[in-house]
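Participant: below are the sequence and a predicted model for it; my questions follow.
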Amino acid sequence: MGTAISLESGRGISGGDSVATATFDEASPSSNFGFSSQEAQHLSSLRRLATIDETKRSGSTFIEVLWILSRRHLAPPSDQSRCQQVSALFSTFPSLSKLHPLEDIFVNHDQFLETLSYLIGDNEYRRNDVSMEFLSSVCICDDESIPAYDVVELCFEMASISHYLLQENAFDDADGVIELMGMRNFSSENSIVQSMTNSLLEYAKKCREDDRHFGKYVGNGAFANSTSPMIADGNVTRAELSDWQRKVVPDLILCSLARFLRVVLFPPEYATFRQNGTKPFPTVRTSKEITSQITTRVKEGEIVPISSQIFGLITNGQTAGTILSAPVFAFASISVPKLGEKWYQIYAGETDGWTFQALENSILGYEGPTILVIQANSDHDRNATVTLGAYTASKWEKNKRDFFGTPDCFLFQLQPTLRVLNSLPKSGTRGGHYMYFHSNTNVQTNNPLRKDDLTEGLGFGGTVRKPRLFIDGNLEYCSVSDQDTSFEEGCLGLPPSNDPFSSMLSTSTYNIYSLEVYAVGDETSIHGGFRAQRQHRDIADATLRNARTVDKAAFLGDMRNGFIETKAFAHRGQVDGRANGYLKGPEGKANGL
């Protein structure tokens, strides 16, 4: 047995309330359900204080009370200014008022430590399972179905407020909360929440079609192909929600409910939980923050302003990354580890120029993961925005005349319906067509037809003449199709036409109006990628200088020997032999004048 630690009675939040005494086994983490003794002590103290009647008479919600109590070292709960700030912040996220089951866990649940460990612990499978049960209890309807929009909106709002609360200067200014919340892009937020809702409903519809075909049991004593009451439009079952989360947005729980509870329950000094998923969401930055440091133009840590057409961000020193970008949340729900904490914009059409050469110069030589994001619309509906793109861990290579890259890549769509199409393994001669990059820029050839035998542009999947996702060499349009042998099947772009003659193999074309590329991943790979790009550019510059340097002696020799056609030395032949009044004839014989 390990050493038992007794938690002594302490002062309460008002100075007179004592903390309940409890005993934990320091050497046996299982006795604390994975929490350290310090963390378990903190939670038990928090539970005790949060259930005292006096702490709930201020009109604050239970969630607000928990956050205030966990930060009582910063300001006492009696600090009305701080309480008003917290209430103003939480009131901008109305979905959080639904989190009544959390209070029930603290007040009535005998195994509250165990339950919390499942909700915020590192066991992904247990965390997701218990979290789905928790979210279902928050949003469930009388028919035991779950409104898809409500549960997605709740996840986004938990993520958004936790992102804000993690900012070190979140409450420095009394009016800062209201001002910063006024910066939220509600149009973008609603669009992404609706896109994720569409994805959930689309997945549920497919599940029901499959279940109806096979007669699968769906609960309540009924089969999907029976005459049982239908689920209301816009609602899903708990099983459908869980399957969608697991297959489409595997990190949704980690970046929403788990992150939110960790932020609310644990102050920053609890390093264990800060390292395990309580860091702010990725921030979008310019690559100049890194590349300029090499030439000492920008100090380390200094934030360079950036505007993103796609992510809707204009960052400046104090407010950079304070408000969670809805598209960033969607990406984080797909994969937190792959994308990292900082994204560096290495190309944007609006600022770097709408030429393929500008795109080449921006991405070639960078050796690290990147995401390419496109915003486009259709000739048929200019108001219908499509946001899609690709992630790849491989570096870009020019004019390979074939596909390259590794299976560590995927296609995605953020709007109008969130989709993730993972790569498929190469099987014989099928598949393996992950990345394509071909340009006729600076191609040296005497054959004018050689420049057009391959499609000029950038793409993923498909074939060299018809990639699955393709951007043309003028950066004017992108084309997409729904099937190939290198990525999972799925619609990219607007929903398929109801035209009975339309085919799943058809290609849709969209007009590009925004194109951005970001360096993503961990700091080590990002800095290594930029160093490699710097070396690549140095080599390219040296090669260009050498190509422009002419060996003058060799040049003159070539001219004299006739390898270079010129009349510069013709006079020498004409005057050769004039000294004695003779000129050489055709065969070198002297002829008299």
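Facilitator: Received the coordinates, thanks.
Participant: hmm, residue 183 is touching residue 323, no?
Facilitator: Yes: in this structure, residue 183 is within contact of residue 323 by C-beta atoms under 8 Å, at 5.3 Å. (Glycine included, C-beta is placed from N, CA and C.)
Participant: what about the closest residue to residue 286 other than its chain neighbours, distance to residue 344?
Facilitator: Leaving aside its sequence neighbours, residue 286 sits nearest to residue 306 (C-beta to C-beta, 6 or more residues apart in numbering; 4.4 Å). Here the criterion is C-beta to C-beta, to the nearest Å. By it, residue 306 lies 9 Å from residue 344.
Participant: who's more crowded, these two?
Facilitator: More neighbours sit around residue 344 than around the other of residue 306 and residue 344, counting by other C-beta atoms under 10 Å; the figures are 27 against 22.
Participant: circling back to that earlier point, need the overlap of contacts for residue 306 and residue 344.
Facilitator: Counting by C-beta atoms under 8 Å, 6 or more residues apart in numbering, the shared contacts of residue 306 and residue 344 are 285, 286.
Participant: thinking again about what came up before, tell me which of residue 183 and residue 323 has more neighbours.
Facilitator: Between residue 183 and residue 323, counting by other C-beta under 10 Å, residue 323 is the more crowded of the two (21 against 10).
Participant: Three-state assignment for the more buried one, please.
Facilitator: When states are read from DSSP: H, G, I helix; E, B strand; the rest coil, the local structure at residue 323 comes out as coil.
Participant: quick check, pLDDT for it.
Facilitator: The predicted local confidence for residue 323 comes out at a pLDDT of 81.
Participant: what's the answer for residue 82, then?
Facilitator: Per-residue confidence at residue 82 stands at 72 (pLDDT).
Participant: okay, now it: neighbour count?
Facilitator: Residue 82 is flanked by 17 other residues according to other C-beta under 10 Å.
Participant: against residue 63, how distant is it?
Facilitator: Counting by C-beta to C-beta, the separation of residue 82 from residue 63 is 15 Å.
Participant: next one: residue 45
Facilitator: The span separating residue 45 from residue 63 equals 17 Å under the rule C-beta to C-beta.
Participant: which of the two has more residues huddled nearby?
Facilitator: Between residue 45 and residue 63, counted using other C-beta under 10 Å, the more crowded position is residue 63 (23 against 19).
Participant: show me how the chain divides into domains.
Facilitator: With automatic domain parsing as the criterion, the domains of the chain are listed as 30-187+252-272, 346-545, 552-592.
Participant: same for the biggest strand by length in the chain, what does it pack against?
Facilitator: Criterion DSSP state E: the longest strand present in the chain is strand 507-519. Contact analysis of strand 507-519 by 3 or more C-beta pairs under 8 Å, 6 or more residues apart in numbering; DSSP states H and E lists strand 342-348, helix 349-352, helix 356-363, strand 370-377, strand 477-481, helix 523-548 as its packing neighbours.
Participant: low pLDDT regions in the stretch 1-150 of the chain?
Facilitator: Low-confidence regions of the stretch 1-150 of the chain, defined by pLDDT under 70, span residues 1-31, 53-58, 73-79.
Participant: can you give me the helices for it?
Facilitator: With DSSP state H, counting those that start in this stretch applied, the stretch 1-150 of the chain shows helices at 37-50, 62-70, 80-91, 100-108, 112-120, 124-139, 148-165, listed in chain order.
Participant: out of those helices, which gets nearest to residue 403?
Facilitator: Proximity to residue 403, assessed across the helices of the stretch 1-150 of the chain by C-beta to C-beta, is greatest for helix 124-139 (32.9 Å).
Participant: quick one: buried residues of that closest one?
Facilitator: Of all the residues in helix 124-139, those buried under the rule 16 or more other C-beta atoms under 10 Å are 127, 128, 130, 131, 132, 133, 134, 135, 136, 138, 139.
Participant: low pLDDT regions in the stretch 201-350 of the chain?
Facilitator: Across the stretch 201-350 of the chain, residues meeting the criterion (pLDDT under 70) sit at 212-229, 271-280, 289, 291-305, 313-321.
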